[in-house]
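**Student:** fold the following, please.
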Amino acid sequence: MYDAELMAVATGAAGTLVAAIAASGAEKMRLKVAHFFRRANLDQRRAAAQAVNDTAAQLTSPTPEAQALAATAWAQLLARYLAEHRDAMSEVDELAVPTPPASKVWNQSNTGTGTFIGGDVRGGMTLNYGGTPDGAH
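**Tutor:** Here you go, the predicted structure:
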C-alpha cells in the first residue's frame, strides 16, 4: 500500500488532471502526460497514453460519476508511478496546469490615401490576441 502523502498527492493531481483534460482536451494534455511519465517503462507510458484517451472518452458526457471514475483511475496510475519515481513528486503540479490557448495573430496592411483612425497610417499592423506582447511563448 502507498503512504498517505503519496496518495494525497496522487488523488489531488488526478482530480486536477481530469479537469484539465476536460477543459484543454486530450491532444494538449497528451504531451504533458507523456513528459511527466518520461521516466516510466514502456508499459507505464502506454498505460498513461491510454488513460488520456479513456478519460477523454469518459468525459464526452461529463457526469460526476464519469469524472469520479476517471479521477480514481488516474490516482491509481499516478500513485504507482510516484511510488517508483519519487523525484517526480515535485513535477505533479506542472502536470495539471492548463495549457494557455495559442495566440491568434492577424496582420493588416493599410495602403492608399485618406484618413484612418487618428490620421494617416502607412505600413502594417499586427494584432496578437491571447499571446504575449512580444509574441514569445
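**Student:** what bits of the protein have low per-residue confidence?
**Tutor:** For the chain, residues meeting the criterion pLDDT under 70 lie at 1-2, 62, 96-137.
**Student:** quick one, helices of it?
**Tutor:** For the chain, the helices defined by DSSP state H occupy 4-24, 26-36, 42-58, 64-84, 92-95.
**Student:** format these as a markdown table; extra columns: mean neighbour count.
**Tutor:** For the C-beta atoms, the positions are set from N, CA and C on the backbone; glycine is no exception. Below are these laid out as a markdown table (neighbours: other C-beta atoms under 10 Å):
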| stretch | mean neighbour count |
| --- | --- |
| helix 4-24 | 19 |
| helix 26-36 | 17 |
| helix 42-58 | 16 |
| helix 64-84 | 18 |
| helix 92-95 | 16 |
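**Student:** walk me through the domains of the protein.
**Tutor:** Domain ranges of the chain: 4-95, 103-137, per automatic domain parsing.
**Student:** give me the nearest residue to Met29, chain neighbours excluded.
**Tutor:** Ile21 (4.8 Å; C-beta to C-beta, 6 or more residues apart in numbering).
**Student:** surely that neighbour touches Thr55?
**Tutor:** Yes. With contact defined as C-beta atoms under 8 Å, Ile21 counts as touching Thr55 (5.0 Å).
**Student:** could you tell me which residues touch both of those two?
**Tutor:** Taking C-beta atoms under 8 Å, 6 or more residues apart in numbering as the contact rule, Ile21 and Thr55 both touch Ala70.
**Student:** Ser90 and Leu42, how far apart?
**Tutor:** From Ser90 across to Leu42, the span is 24 Å (C-beta to C-beta, to the nearest Å).
**Student:** ugh, wrong one, I meant Ala10
**Tutor:** Taking C-beta to C-beta, one finds Ala10 at 21 Å from Leu42.
**Student:** many thanks, I have nothing further to ask.
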